[in-house]
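Participant: Just need the structure, nothing else, for what follows:
(chains A, B, C and D)
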There are 2 protein chains.
Amino acid sequence: MSTEQNSEDRPAAAVAAPPPAPSRTQAERRALTEERLLDAAFAIVADRGVRAVTTAAVGERAGYSRGIVNHQFGSRDQLMVRLAETVQGRFTPAPEGRRGRAHVLNVVDDYLGTVRSDARAMRVFLRLWAAAVGDEEPGLSAAFTRRDAFFRDYLRDALAEGRADGSVRADIDPAATAVALVGLVRGIAMQCQVDPALASDDRVRAAALALIDHGLPVRG
Amino acid sequence: MSTEQNSEDRPAAAVAAPPPAPSRTQAERRALTEERLLDAAFAIVADRGVRAVTTAAVGERAGYSRGIVNHQFGSRDQLMVRLAETVQGRFTPAPEGRRGRAHVLNVVDDYLGTVRSDARAMRVFLRLWAAAVGDEEPGLSAAFTRRDAFFRDYLRDALAEGRADGSVRADIDPAATAVALVGLVRGIAMQCQVDPALASDDRVRAAALALIDHGLPVRG
DNA sequence: ACTTACTTGCTAAGTGCTCAGCAACTTGGA
DNA sequence: TCCAAGTTGCTGAGCACTTAGCAAGTAAGT
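Facilitator: Got it, this is the predicted structure:
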């Protein structure tokens, strides 16, 4: 996936097969095709939802034929899994030097900031996650089970570190609190999805941070 | 919807048309049919997900024919909306005498308790909500936009009351904090859905309450 | 009788996937 | 260096299947 805005601006692509450069390695062709298909699937999820991702729609939006998805990925399900992994890669928290409580607050703040700064990617991520929760896409459930565990473990470790350096209360349970924090940011982002007025409201972000920041420190 | 467990224990219903009592008012027939259809739809969502709710599957599971849903509700979409409203009705918070911070904590505790005590209904609620967020079911999005606003307003008022009676910090924003709290409980419940091991872990519930309880009081 | 509940046959639209075949690329022998 | 043989990317017709909804009919209540 190069960027997310090349959803409709590939002009002649949908008409005939893409002849961008005259000569390409087979590996290059394959990689380029995969990228285009993932871009197309991304755009369709963003615009019309997970259910609208049909093999034909993806192939044609990417400038190929109806059969390309099955040829490239084997099945629609595997395309969805690859898409999920790709989108998940965008939301990997960056340590950024901070530690303990400040680190946790930073991760949460970043996450909620993404709701505004990269609304399209967040929309796709949440729609894929919703499909996984609803058990509508077999492969997605496994992909997000792994992803959730990773995110929780990351926050658990940050919380444990904060407890060790004294920036986080000693009586909290790092693992369980990590579940609550992941829930907090996801749940807020989901509401923003249903009601866009919330997404453009910085008070929600501030309230979430305040909730955490007054809950974690040793002194209130 | 009578109860949630009558999903498979209506013996002869699936074989022929239901002849439960020989004589019924037209209004009674209609009401009974509606209830059975909603029960069937509920069970299908719980067992196989929102997408598996086809008009034929619902009709036949309820002991009727394929066409009954369209006859009774006009369209599949309207069945889904009615189902959502019915399920939402189960999750209306009961005031229960408490006020301010204790009231807020009580509502959150109840909600998280439901993840274990009425897992089936919670599962259906979350799957419907996920479908609404994913924009897969047109009518559901509107139904849950209303529902979310109601739940947020309810918590906002409880928080404002707590601020007035001194049980909640004066510097919090009731409306924005309500969004965070709704997100917290929904996000936790969603994770429990994907990873059932979390659902049976009381530490998560305790951690969520601790997060709130140390965040809201005037004294830390 | 008449209205309403409900069934059943049908349709049109849409689904993922298969497969034969063509065209572009790669490889290796001369 | 060239060119045939082999491999891979990709197409597009078609298959088997599912869907929501309609229309015409039958049965049950008034």
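Participant: Quick test: name the residue nearest the centre of chain A.
Facilitator: In chain A, the centroid-proximal residue (CA atoms, centre = their mean) is A:F125; its distance is 3.6 Å.
Participant: so what secondary structure elements neighbour whichever strand or helix holds that one?
Facilitator: In this assignment (DSSP states H and E), A:F125 forms part of helix A:119-133. When contacts are defined as 3 or more CB pairs under 8 Å, 6 or more residues apart in numbering or on different chains; DSSP states H and E, helix A:119-133 packs onto helix A:26-48, helix A:76-90, helix A:100-117, helix A:138-165, helix A:174-194, helix B:119-133, helix B:174-194. For glycine as for every other residue, the C-beta is placed from the backbone atoms N, C-alpha and C.
Participant: any chance of the ones you listed in TSV, with mean pLDDT and distance to B:A94 too?
Facilitator: Formatted as TSV, those follow (pLDDT from 0 to 100; distance: least, CB to CB, whole Å):
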stretch	mean pLDDT	distance to B:A94
helix A:26-48	90	38
helix A:76-90	95	39
helix A:100-117	92	31
helix A:138-165	93	31
helix A:174-194	95	22
helix B:119-133	96	15
helix B:174-194	95	15
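Participant: Using JSON lines, please lay out the ones you listed together with distance to DNA strand D.
Facilitator: Shown next, in JSON lines, are the helices and strands packed on helix A:119-133 (distance: least, CB to the nearest atom of the strand, whole Å):
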{"stretch": "helix A:26-48", "distance to DNA strand D": "3"}
{"stretch": "helix A:76-90", "distance to DNA strand D": "13"}
{"stretch": "helix A:100-117", "distance to DNA strand D": "32"}
{"stretch": "helix A:138-165", "distance to DNA strand D": "16"}
{"stretch": "helix A:174-194", "distance to DNA strand D": "23"}
{"stretch": "helix B:119-133", "distance to DNA strand D": "13"}
{"stretch": "helix B:174-194", "distance to DNA strand D": "23"}
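Participant: and the helix holding A:F125 with helix A:174-194, angle?
Facilitator: Interaxial angle of helix A:119-133 relative to helix A:174-194 (axes from the mean of the first three to the mean of the last three CA atoms, to 10 degrees): 110 degrees.
Participant: so who does A:V50 touch?
Facilitator: By CB atoms under 8 Å, 6 or more residues apart in numbering or on different chains, the contact set of A:V50 is A:M80, A:R127, A:L128, A:A130, A:A131, A:E136, A:E137, B:G134, B:E136.
Participant: Contact partners for the last one?
Facilitator: If I follow you right, that is B:E136. Contact analysis of B:E136 by CB under 8 Å, 6+ apart lists A:G49, A:V50, A:R51, A:A131, A:E136, B:V50, B:R51.
Participant: of all the residues you listed, which comes closest to DNA strand C?
Facilitator: A:R51 (7.8 Å; CB to the nearest atom of the strand).
Participant: And the closest residue in space to that closest one that isn't next to it in sequence, how close does it get to A:G134?
Facilitator: The shortest distance from A:R51 to any non-neighbouring residue, by CB to CB, 6 or more residues apart in numbering or on different chains, is to B:E136 (5.0 Å). B:E136 sits 8 Å away from A:G134, going by CB to CB, to the nearest Å.
Participant: A:L159 too?
Facilitator: 30 Å.
Participant: Return the residues of chain A in contact with DNA strand C.
Facilitator: A:22-27, A:29, A:52-57, A:66-67, A:69-71, A:75-77 (CB under 7 Å from any atom of the strand).
Participant: Quick one, which of those residues are buried?
Facilitator: A:V53, A:T55, A:A57, A:V69, A:R76 (16 or more other CB atoms under 10 Å in any protein chain shown).
Participant: mind listing what the second one touches?
Facilitator: Yep, that's A:T55 we're talking about. By CB under 8 Å, 6+ apart, A:T55 lies in contact with A:R66, A:G67, A:V69, A:N70, A:R76, A:L79.
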